[in-house]
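Trainee: model the structure of this input:
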Amino acid sequence: MQLLEREPALDALAGWFAEARANHGRVVLVGGEAGVGKTTLVNEFSVRHGHTGRILRGACDALTTPRPHGPLADVAPALGG
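Mentor: Here you go, the predicted structure:
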């Protein structure tokens, strides 16, 4: 599947990822309305760049009352905590 009109966002993510790999630290939050393609964008970025470094992904719960700090709890095991 080819993403349409997503190259600017993918290029921005790639730039921030390069900064993180150069020990400049980086946290990127992807936000937007439901159905806009956030997950698809992150999946595509992970496919393109996941082999060059560690990518941690967390997600908000689709619940009326989401878990406190849900995205952080998603990535904590990968960081040893």
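Trainee: quick one: the strands in the chain, in order.
Mentor: If DSSP state E is used as the criterion, the chain turns out to lack strands entirely.
Trainee: identify all contacting residues around the lowest-mean-pLDDT helix or strand in the chain.
Mentor: Sorting the helices and strands of the chain by mean pLDDT, DSSP states H and E puts helix 70-75 at the bottom, at a mean of 90. Outside of helix 70-75, the residues within contact range by C-beta atoms under 8 Å, 6 or more residues apart in numbering are 56-61, 67. C-beta here means a position set from N, CA and C on the backbone, and glycine is covered the same way.
Trainee: adding pLDDT, distance to D74 and neighbour count, write the residues you listed out as CSV.
Mentor: Formatted as CSV, the entries for those read as follows, by pLDDT from 0 to 100; distance: C-beta to C-beta, whole Å; neighbours: other C-beta atoms under 10 Å:
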residue, pLDDT, distance to D74, neighbour count
L56, 89, 8, 13
R57, 88, 7, 15
G58, 88, 3, 14
A59, 85, 6, 14
C60, 81, 10, 12
D61, 78, 10, 11
R67, 84, 9, 12
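Trainee: now render these as CSV, adding distance to F17.
Mentor: Listed next are the contacts of helix 70-75 as CSV, based on distance: C-beta to C-beta, whole Å:
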residue, distance to F17
L56, 12
R57, 13
G58, 16
A59, 19
C60, 22
D61, 26
R67, 27
